[in-house]
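Student: I would like to see how this sequence folds:
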Amino acid sequence: MPAAQEGRPLDATYTVAVRRDGPFATYLELPGSHELLGTRRAVRVAGTIDGQPFAATLLPSGTGPHRLPLRAGLRTAAGRDRAGELLTVRLLQRFG
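Tutor: Model (predicted):
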């Protein structure tokens with residue numbers, strides 16, 4: 001597998017509230033992510049949400065932090081689906 005697809009290690013943990021407003025039906029906003037990643041562009045990542053593995057693209061919010069869209073399967077697995085409920089996100093790899 002090419003090195004760009006293997007990913008580069010990350011180690012960042014966020015405990016953030018589920019959000020349901022804005023351009024995405026359900027998402028998490030990761031404060032300081034643009035400093036961590038060194039960009040305000042979309043970035044593919046992998047990690048865990050409350051211990052459940054995921055891979056997704058972090059999308060720029062336009063104001064600094066990235067947004068992580070939450071798919072229904074992850075919300076169900078984590079047992080948290082309502083706005084304001086806290087989830088712990090751990091970013092482990094960055095791709096590209």
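Student: how deep is residue 77 tucked in, by neighbour count?
Tutor: Residues contacting residue 77 under the criterion other C-beta atoms under 10 Å number 15. Backbone N, C-alpha and C define where each C-beta goes, glycine included.
Student: mind telling me what element it is part of?
Tutor: Taking DSSP states H and E as the definition, residue 77 sits inside helix 72-78.
Student: mean confidence score for that helix?
Tutor: The average pLDDT within helix 72-78 is 81.
Student: tell me the first helix or strand C-terminal of it.
Tutor: That would be, after helix 72-78 and using DSSP H and E, strand 86-95.
Student: how far does that next one sit from the chain's center?
Tutor: 6 Å (C-alpha atoms, centre = their mean, to the nearest Å).
Student: buried residues in stretch 42-59?
Tutor: Residues of stretch 42-59 classed as buried by neighbour count (16 or more other C-beta atoms under 10 Å): 43, 45, 46, 47, 48, 49, 50, 54, 56, 58, 59.
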